[in-house]
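>>> I would like the atomic coordinates for the input below:
(chains A and B)
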Number of protein chains: 2
Amino acid sequence: MNLKAYIAHHRARVDDALDALLPTAETPPANLHKAMRHSIFAGGKRLRPILCLVTAEGLGETGDTALPAACALEMLHTFTLIHDDLPCMDDDDLRRGKPTCHKVYGEAVAVLAGDALHALSFELLCDLPDKNSYSTGDFVRELAVASGGQNIVAGQVLDLEGEGRDLTYNQLRNIHERKTASLLACSLRFGAMLGGANRDQLEALTAFGWNLGLAFQVIDDILDTTQTSEMLGKTAGKDEAVGKATYPAILGLEASRDEARELTATAKNALKKFGTEAGRLHEIADYMLDRDY
Amino acid sequence: MNLKAYIAHHRARVDDALDALLPTAETPPANLHKAMRHSIFAGGKRLRPILCLVTAEGLGETGDTALPAACALEMLHTFTLIHDDLPCMDDDDLRRGKPTCHKVYGEAVAVLAGDALHALSFELLCDLPDKNSYSTGDFVRELAVASGGQNIVAGQVLDLEGEGRDLTYNQLRNIHERKTASLLACSLRFGAMLGGANRDQLEALTAFGWNLGLAFQVIDDILDTTQTSEMLGKTAGKDEAVGKATYPAILGLEASRDEARELTATAKNALKKFGTEAGRLHEIADYMLDRDY
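Numbers count the residues shown, from 1 in each chain, chains lettered A, B, ... in the order given. Predicted coordinates:
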């Protein structure tokens, strides 16, 4: 299977599992569950769950047991997007080409839809089979640390505090480590843990995810500068308009492209102890580097 | 030890543990951690963690191993209060006599402080000793279900949707079951599980918590009608002003007092299979019925 078909295959599995694991749109209170589904099914790339599934598969876990943890990653990610888009935060009207949650359901329901997805992401981790040395508690701790006050939430606070200020390269990198790299690394770790990785394998896959996450964010910043709103499915040039620091603004466009290439190379280099079982991860890293949306 | 001293003793234990388990106010990003601490240390009664500790103690678990789970309940409760107080929800300026989180730190940081407390409450459950037949996964599932789209979040959605509408007694009771009874029952269940309760004991303590939670909410509605803002530490008469249904508005004041007494009696009756080990829970139920703030 070529990479595009392989990704499409896993994406369809994730979409089906998300549909099965979310309460139906008719479940009372219906507005809440419609809002949750609106944001979950707004055309996300499913990058985090796919990375989790591909990693688990590389380690021999090819069944459906990895799906609830993979979906937990997507639900947690979607919760953070809903809250980031709120008027009191980034005040975004569009996300993936569709109106954001609060534009359709109002601010109150949007806050609460995010909260419900946050809770549900943890609930999904309670049905994982205890395998090797990894327990539900190990998964819950990973997700709580990635989403909490030291990582995603911290990154969003620093991001908001940095608006309109001149940030250094290190300050910007710190924001992206918190906001993006932490959950990408967690996605790889979930896959590794589901596949029964040993400590060395877990460390290598974490390093891959961390650097891939940073590369992803550099590319995101580049695309925000170079692409149209139509291509991005969100307001292009928004970062600059609200005075947010970006890699291109700090490093320039060419140096930012070099940075993305270097981070991708570092990510792939972390996998050198693996053989063909990491082939798909190499392919995905290259694919992400060349993406245009 | 009389009840007041006993409650004060446990409250001090909870306060010390919360202080130890929260990041310091200087931990970057400092504004986030100050906001989390502002709301946690705003004078809460610590009802949920105290019920958890007292229940565990009644079953013989007298050490400090119950404290992280007890604190998780308080952090989760505080997260829901911060979000409920937001301008897009109940728009409250005062809580427990102090300015609400968003009044001091702004809306964005308040949303994020709530999110961080939500994540931290799950993280705290990862260090519990596996005891008897209850695992970390059992605790995580309880908390996720109590806080998620079927309970606390659902209750808040229904509460907001009910503003300005005439609700029936059953609709109002449903809101309070979701918003209040679910987490009170969870507090009792945490204590029971920490104390190694068997299935019968767990069911009885759940019924106690559920009915106590409903009684608590009826009394809250009564106090909102009869007490001054100064006594309550929040804006009195707020429910009526924004067109929220309350027990006194639907049943009248005297019938509401009867309802609170009946619920308290039902709660205590659920404990009849216990002996003196449930004595403190009986005392607390009576104490809550007579509270004036």
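>>> any low-confidence regions in chain A?
Residues of chain A that meet the criterion pLDDT under 70 lie in A:131-132, A:232, A:293.
>>> which stretches in the stretch 51-200 of chain A count as strands?
With strands called from DSSP state E, counting those that start in this stretch, the stretch 51-200 of chain A shows them at A:94-95, A:98-99.
>>> can you lay out those strands as a markdown table showing distance to residue A:240 and mean neighbour count?
(Each C-beta comes from the backbone N, C-alpha and C, glycine too.) Shown next, in a markdown table, are these (distance: least, C-beta to C-beta, whole Å; neighbours: other C-beta atoms under 10 Å in any protein chain shown):
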| stretch | distance to residue A:240 | mean neighbour count |
| --- | --- | --- |
| strand A:94-95 | 17 | 20 |
| strand A:98-99 | 23 | 16 |
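>>> residue A:226: how many residues sit nearby?
Neighbour count of residue A:226, defined by other C-beta atoms under 10 Å in any protein chain shown: 14.
>>> mind checking how far it is from residue A:4?
From residue A:226 over to residue A:4 the distance is 23 Å, taken as C-beta to C-beta, to the nearest Å.
>>> how about residue A:185?
In terms of C-beta to C-beta, residue A:185 sits 25 Å off from residue A:4.
>>> okay, these two: which has more neighbours?
Using other C-beta under 10 Å as the criterion, residue A:185 and residue A:4 rank with residue A:185 on top: 25 against 9.
>>> so which bits of the stretch 101-250 of chain A are right by chain B?
Proximity of the stretch 101-250 of chain A to chain B, by C-beta under 8 Å from any C-beta of the partner chain, involves residues A:106-109, A:111-112, A:114-116, A:118-120, A:122-123, A:125-126, A:135-138, A:140-141, A:143-145, A:147-150, A:153-154, A:156-158, A:160-161.
>>> counting by contacts, list what the longest helix belonging to chain A packs against.
Scanning chain A for the helix with the most residues, using DSSP state H, yields helix A:199-226. Judged by 3 or more C-beta pairs under 8 Å, 6 or more residues apart in numbering or on different chains; DSSP states H and E, helix A:199-226 is in contact with helix A:47-58, helix A:169-176, helix A:182-194, helix A:229-232, helix A:238-241, helix A:247-251, helix A:253-269, helix A:279-289.
>>> just the angle for that helix relative to helix A:253-269, thanks.
With axes from the mean of the first three to the mean of the last three C-alpha atoms, to 10 degrees as the basis, helix A:199-226 and helix A:253-269 are set at 160 degrees to each other.
>>> how many other residues sit next to residue A:17?
Neighbour count of residue A:17, defined by other C-beta under 10 Å: 20.
>>> just checking, it touches residue A:72?
No - at 10.4 Å, residue A:17 does not count as touching residue A:72 under the criterion of C-beta atoms under 8 Å.
>>> find the nearest non-adjacent residue to residue A:113, please.
Nearest residue to residue A:113 in three dimensions, chain neighbours excluded: residue A:35, at 3.9 Å (C-beta to C-beta, 6 or more residues apart in numbering or on different chains).
>>> name the SS class of the one you found, please.
helix (DSSP: H, G, I helix; E, B strand; the rest coil).
>>> before we move on, the earlier item: kindly reformat the strands of the stretch 51-200 of chain A as JSON lines containing distance to chain B.
Output for the strands of the stretch 51-200 of chain A, formatted as JSON lines (distance: least, C-beta to the nearest C-beta, whole Å):
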{"stretch": "strand A:94-95", "distance to chain B": "17"}
{"stretch": "strand A:98-99", "distance to chain B": "17"}
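>>> to residue B:25, which of those strands lies closest?
Of all the strands of the stretch 51-200 of chain A, strand A:94-95 sits nearest to residue B:25, with 33.6 Å by C-beta to C-beta.
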